[in-house]
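A.B. asks: no sequence on this one, just coordinates:
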């Protein structure tokens with residue numbers, strides 16, 4: 001089973017895959033999960049990706 005979102009796989013990313021989630025606005029969380037929204041790809045944290053997938057949250061467009 002692949003472990004693409006931890007360890008050696010994320011070291012090549014900027015800040016080791018960490019940043020601010022555009023949905024929950026938390027800082028320094030892993031934003032590794034891509035979600036396509038309105039023709040653009042957005043990177044989300046793990047919690048928000050699940051919430052968006054199940055319809056609990058939506059991605060706000062600026």
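C.D. replies: Looks like it arrived, so ask away. All figures in this text were calculated on a predicted structure; none of them were measured in a lab.

A.B. asks: beta partners for the residue nearest the centre of the chain?
C.D. replies: For the chain, the residue nearest the mean C-alpha position is residue 44 (1.9 Å; Cα atoms, centre = their mean). When assigned by DSSP bridges, residue 44 has beta-bridge partners residue 33.

A.B. asks: looks like it contacts residue 37 (just checking).
C.D. replies: No: the criterion here is Cβ atoms under 8 Å, and residue 44 misses it with residue 37 at 9.4 Å. No exception for glycine: its C-beta is placed from N, CA and C like everyone else's.

A.B. asks: how close does the residue nearest to the centre of the chain get to residue 30?
C.D. replies: 10 Å (Cβ to Cβ, to the nearest Å).

A.B. asks: give the contact list for the residue nearest to the centre of the chain.
C.D. replies: Contact partners of residue 44, counting by Cβ atoms under 8 Å, 6 or more residues apart in numbering, are 21-23, 31, 33-35, 52, 59.

A.B. asks: no further questions, thank you.
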